[in-house]
Structure formats: structure tokens, C-alpha cells
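Chemist: Got a predicted model here, sequence first, then my questions.
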Amino acid sequence: LRGRQPSVGPVKELETPPSRLSPAMLGILKNGRISSRELAATLLDLARRGHLIIKHGYKNDFRFSRRQSNDRLEKFESALLDQIFGPTDKASDEEISFSLAQELFSQRVSQAFLLAYQRVNDLGFFITNPLRLHRRYQLTGLLLFTVGLIGLIANIILISSLQYLVLFWGAMMISALLITYVAKSIPIRTVFGDRELGRWLAFRNYLTNQETINYQAQSQEKYLNYLPYAVVLDCEIEWTRRFYDLPFSSPHWYVSGGVNTIDEFANNVFPLFGYLSQA
């Protein structure tokens with residue numbers, strides 16, 4: 001019941017984002033957590049806003065360098081950039097290649113996203129901080145699994161005469177694993193949070209509309225502005241397809257050879273999601 005999507009209501013389609021939520025904050029609102037999609041969308045959004053340059057080398061070798069920008073950052077975005085590249089006044093042209101053993105997945109960078117959870121919680125979208133709730137359920141599942149494992153071993157060694165109790169301990173362990181697995185997906189949105197998500201789902205209806213976008217001077221800018229949100233809403237392919245017949249040039253913040261059309265851009269950038277997921 002908690003996992004059901006809220007109804008959009010009378011609004012079936014919104015052509016602009018309903019609020020100024022960042023992609024990471026939208027991901028928390030939608031899924032209750034930050035995943036590799038939200039991370040990739042955050043990197044794309046920061047690059048679009050002038051804070052990063054993304055260089056795509058051989059295969060999936062993505063390299064990032066920081067740039068100065070007058071664009072205002074959320075606290076967690078500023079912390080993320082500072083923890084990866086160092087303070088703003090020490091930023092240089094040094095490129096950083098993200099990998100499991102380096103900056104992107106380190107504990108100190110993960111702390112930056114705690115600020116994003118807190119920011120979404122402060123906006124009143126959740127009854128309580130979703131990260132804390134998920135951890136509480138996961139800890140409960142871990143404790144229950146431990147009790148079940150100890151009981152199973154004790155049953156086999158000490159009270160082997162009551163063999164049917166093995167089923168009880170086994171069921172407890174299975175239940176514990178289910179609790180741990182399901183806990184990360186439990187949303188606890190308030191009515192206000194459901195309404196906000198409903199508006200964003202109406203915006204998703206616009207992104208997935210099958211009609212081709214009419215050519216305008218700002219059409220490419222519109223595509224790039226909405227792309228990070230399309231990534232979070234899991235419809236980047238449908239959003240890109242709406243621009244297939246329009247002229248396209250590689251944005252200034254993305255450096256890669258042989259990108260002259262939007263499908264070439266998508267084929268180069270979209271592997272970033274899989275790259276992050278694998279790491």
C-alpha cells in the first residue's frame with residue numbers, strides 16, 4: 001500500500017518542472033533513496049549548470065573536472081563537489097576518474113547525500129527521514145536473522161529431539177531477509193509529498209509524450225535542461241526520442257569525439273548509468 005504511486009489528479013501533463021527540486025531530491029521523493037541513477041543525474045545536472053566538464057574517453061572512461069560557476073548550489077551539491085575536488089578556492093583543472101576505490105563511492109562523499117535526505121525531509125515531503133526509517137528496518141531484519149541463525153544452530157546441537165522447530169528458525173531467517181530487502185523501498189510520504197510527486201509524474205507524462213518536439217532555437221537547451229529529470233524518472237530514452245529529427249551539437253560541458261547527432265550523444269552518455277551501477 002505504501003508503494004503505490006499517488007494519483008496525478010486532474011492534471012494529466014505538465015510541460016515544465018512543477019518545482020525547483022534537484023534531480024537527487026526528486027529521486028528521494030520518488031523512490032525514498034538515492035541510487036546510481038540519481039548520482040548520474042546529479043553529475044549531468046551539475047555539468048549543465050556549469051560546475052563540471054565531462055570527458056568521455058575510450059569505452060566507459062569518464063573523467064570529470066570542476067569549473068567555476070555563478071549558479072547557486074544546494075548544500076549537498078556544494079558538499080559533494082568540495083569533498084571530491086576540494087574547496088572552491090583550490091579547484092583546479094585536474095581531472096578525476098571516478099571508480100570504486102576513489103572519490104565517488106567513498107564514505108565521505110556519501111555523507112554529502114545525507115544532506116539531501118535531510119533537505120527533502122525538511123520540505124515536509126516525508127513523515128520522517130526515509131534514510132533513518134530504512135536503516136531501522138534493516139537493523140531489525142539483521143537482528144532477526146541473527147536470532148534465527150542462533151536458534152537454528154542451538155536447535156540442531158542442543159535440542160535435536162524437536163526437529164520441527166528447525167522450520168520455525170528457517171522461516172524467521174527468510175522473513176528477516178525479506179524485511180531487509182523490502183525496507184529500502186518503503187515510502188513514507190506525507191499528503192503534501194504525494195501531491196508533489198503527483199505533479200512530477202504529470203511532468204513525466206510530458207517527457208514520455210510520443211509527439212516530436214517542434215523546432216525552436218532553444219530546443220536543444222530544453223532537452224539538456226530536462227534530461228537529468230528524465231534520468232531520475234526513468235524515461236531518458238523516450239525524452240531523447242522526441243528530439244531525433246532536430247539538429248543537435250555536443251554541449252560545451254561534454255567532451256567526446258564524433259558526437260554530431262542526439263542519438264550519438266545519448267549512446268555516449270547513457271552508458272554512464274551502467275558504469276555507476278557496476279561500480
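Modeler: Received the coordinates, thanks. Residues are numbered from 1 along each chain as shown.
Chemist: Next, the buried residues of stretch 161-174.
Modeler: Neighbour-count burial for stretch 161-174 flags 165, 169, 172-173 (criterion: 16 or more other C-beta atoms under 10 Å). (Glycine included, C-beta is placed from N, CA and C.)
Chemist: Please identify which helix or strand holds Lys222.
Modeler: Lys222 is part of helix 219-232, with elements assigned from DSSP states H and E.
Chemist: contacting residues around that helix?
Modeler: Residues outside helix 219-232 that contact it (C-beta atoms under 8 Å, 6 or more residues apart in numbering): 17, 23-24, 26-27, 30, 37-38, 40-42, 44-45, 48, 200, 203, 207, 213, 216, 236, 238-240, 243, 246-249, 251, 262, 273.
Chemist: Show me these that map onto helices.
Modeler: 23-24, 26-27, 30, 37-38, 40-42, 44-45, 48, 200, 203, 207, 236, 238-240, 262, 273 (DSSP state H).
Chemist: The helix holding Lys222: which residues count as buried?
Modeler: Buried-residue list, helix 219-232, by 16+ other C-beta under 10 Å: 219-220, 223-224, 226-232.
Chemist: For Arg66, grab phi and psi.
Modeler: phi -90, psi 150 (degrees, to the nearest 10).
Chemist: So it versus Asp263, what's the distance?
Modeler: 29 Å (C-beta to C-beta, to the nearest Å).
Chemist: These two: which is more packed in?
Modeler: Arg66 (22 against 14; other C-beta atoms under 10 Å).
Chemist: ok so, going back, export the buried residues of helix 219-232 to JSON lines and append columns for pLDDT and distance to Leu123.
Modeler: Shown next, in JSON lines, are these (pLDDT from 0 to 100; distance: C-beta to C-beta, whole Å):
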{"residue": "Ser219", "pLDDT": "84", "distance to Leu123": "31"}
{"residue": "Gln220", "pLDDT": "89", "distance to Leu123": "31"}
{"residue": "Tyr223", "pLDDT": "93", "distance to Leu123": "28"}
{"residue": "Leu224", "pLDDT": "93", "distance to Leu123": "26"}
{"residue": "Tyr226", "pLDDT": "95", "distance to Leu123": "21"}
{"residue": "Leu227", "pLDDT": "95", "distance to Leu123": "23"}
{"residue": "Pro228", "pLDDT": "95", "distance to Leu123": "19"}
{"residue": "Tyr229", "pLDDT": "96", "distance to Leu123": "17"}
{"residue": "Ala230", "pLDDT": "95", "distance to Leu123": "22"}
{"residue": "Val231", "pLDDT": "93", "distance to Leu123": "21"}
{"residue": "Val232", "pLDDT": "94", "distance to Leu123": "16"}
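Chemist: Of these, just say which sits nearest to His134.
Modeler: His134 has its nearest neighbour among the buried residues of helix 219-232 in Val232, at 18.4 Å by C-beta to C-beta.
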